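S.K.: structure for this input, please:
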Amino acid sequence: MAQGMKRLGTPIAALLGVALIALIATSWLINRDALRKAVEAQIRDVTGLELNVAGSIEISVLPASYISFRDVGLKGGGTSAPALQVDVLTANLRLLPLLLQRFEIADLTLLRPRIHVSLKPDGESNWTPFIQTIARTMKPGAENQVSFSEIRIQDGVLDYEDVATRANEKLEDIDLSLAWPSISRSFAATGQFDWRGERVDGSISFSDFVAALS
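M.R.: Just a heads-up that it's a prediction; the model follows:
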C-alpha cells in the first residue's frame with residue numbers, strides 16, 4: 001500500500017511542479033498590455049459599458065491572478081457623464097486559460113462604486129443602452145457570447161432621480177453579490193444596503209433573465 005501511494009504521489013508531485021514552473025514563467029512572459037485590452041473588451045462586450053481608467057493598474061499572476069483598475073468611469077450609449085464610477089474594479093482571471101496566454105474573466109469586484117440612475121420623462125433612463133446590450137449579447141445564437149460568473153459590489157452608493165416627478169432616492173453602503181447568468185439564463189442578486197436610515201436585506205431572482213430585460 002505504501003509503495004503504491006508513493007508511486008502515485010511521484011507523478012502528482014511532478015505535475016504540480018510543472019504547473020508551478022508554468023505559473024512563474026507566465027508571470028514573467030505575460031503581455032500586460034494585451035491582458036488589459038482583453039479584460040476591457042470582455043467587460044464592454046458583456047455590459048455595453050466603456051472603461052475610462054484615470055488611476056493606476058495592478059496586475060498579479062501569483063499567488064492570485066487578477067487585474068485591478070483604480071478610479072474607473074464606465075459609460076455607454078454615447079453619454080458624456082459616466083453612469084457608474086468605481087474606486088477599484090478588480091477582474092479575477094481564470095487560471096488554466098491564463099497559462100495558455102488567454103485572458104478570461106472569472107468574476108468582477110467593484111469596490112466603492114457610485115451608481116447614478118436617471119429616469120427620463122419618456123420612461124427610458126441613462127441605463128437603457130446598457131440593458132439593451134445585455135439582452136442582445138445573451139440571446140441564444142448571439143455572436144461573441146462571453147460572460148463571467150459573478151459581480152460583487154462592496155460599499156456602493158446608488159443615486160436615483162426621476163426627472164419628470166423630481167423624486168430622488170439614495171441607497172448607501174451597498175453590499176451585493178450578483179450571480180451573473182452564463183450557460184443558464186437565471187439571475188440572482190442577494191445583499192444589503194442602507195435606505196432612509198434603515199439596514200435592508202434583499203434578494204431578487206429571475207428564471208429567464210433575457211425575458212425580464214426585454
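
S.K.: and the residue nearest the centre of the protein?
M.R.: In the chain, the centroid-proximal residue (C-alpha atoms, centre = their mean) is Leu108; its distance is 3.1 Å.

S.K.: if that one is in a bridge, with which residues?
M.R.: According to DSSP bridges, the residues that bridge with Leu108 are Ala91, Ile151.

S.K.: mind checking how far it is from Phe206?
M.R.: 19 Å (C-beta to C-beta, to the nearest Å). C-beta: built from backbone N, CA, C; applies to glycine.

S.K.: do the same with Glu169
M.R.: Taken as C-beta to C-beta, the span from Glu169 to Phe206 is 22 Å.

S.K.: kindly report the same for Ser149.
M.R.: 16 Å.

S.K.: same thing with Glu161?
M.R.: From Glu161 to Phe206 the distance is 25 Å (C-beta to C-beta).

S.K.: what of Ile115?
M.R.: 19 Å.

S.K.: of those two, who's got more company?
M.R.: The neighbour comparison of Ile115 against Phe206 (other C-beta atoms under 10 Å) goes to Ile115, with 20 against 15.

S.K.: surely Ser60 meets Tyr66?
M.R.: Yes - if you go by C-beta atoms under 8 Å, Ser60 and Tyr66 touch, sitting 5.5 Å apart.

S.K.: who's more crowded, these two?
M.R.: Comparing Ser60 with Tyr66 by other C-beta under 10 Å, the one with more neighbours is Tyr66, at 17 against 14.
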